[in-house]
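[1] heads up, no residue letters with this:
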């Protein structure tokens, strides 16, 4: 059939992937807390990057506009 998609869209896949990364982190937070300090830092950096990138894709204006206004204040 013309116009019928087969398989998930890139957006749906990306959202599911990010959701599973965050859910796994939260479910196994005790394991993360048991890691040494450099490993915990690495895990937290990765989690922040996943969340920030997701926010940029999901709502770019809400993420980027405050940064632009801070860098270039109006008036």
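    Good, I have the coordinates. Keep in mind the model is a prediction, meaning the values are calculated, not measured.

[2] not counting stretch 43-63 itself, show me its contacts.
    Contact with stretch 43-63 is made by 11, 14-15, 18, 21-22, 25, 32, 35, 64, as judged by Cβ atoms under 8 Å, 6 or more residues apart in numbering. The way it works is simple: take the backbone N, C-alpha and C, and place the C-beta from them, glycine included.

[3] report the buried residues of the worst-scoring helix or strand of the chain on mean pLDDT.
    Least confident helix or strand, the chain: helix 60-71 with a mean of 76, by mean pLDDT, DSSP states H and E. By neighbour count with 16 or more other Cβ atoms under 10 Å, helix 60-71 contains no buried residues.

[4] residue boundaries of the helices in this structure?
    10-27, 29-34, 37-58, 60-71 (DSSP state H).

[5] on that earlier part again, what about the least confident helix or strand of the chain, distance to the chain center?
    What separates the centre of helix 60-71 from the centre of its chain is 17 Å, taken as Cα atoms, centre = their mean, to the nearest Å.
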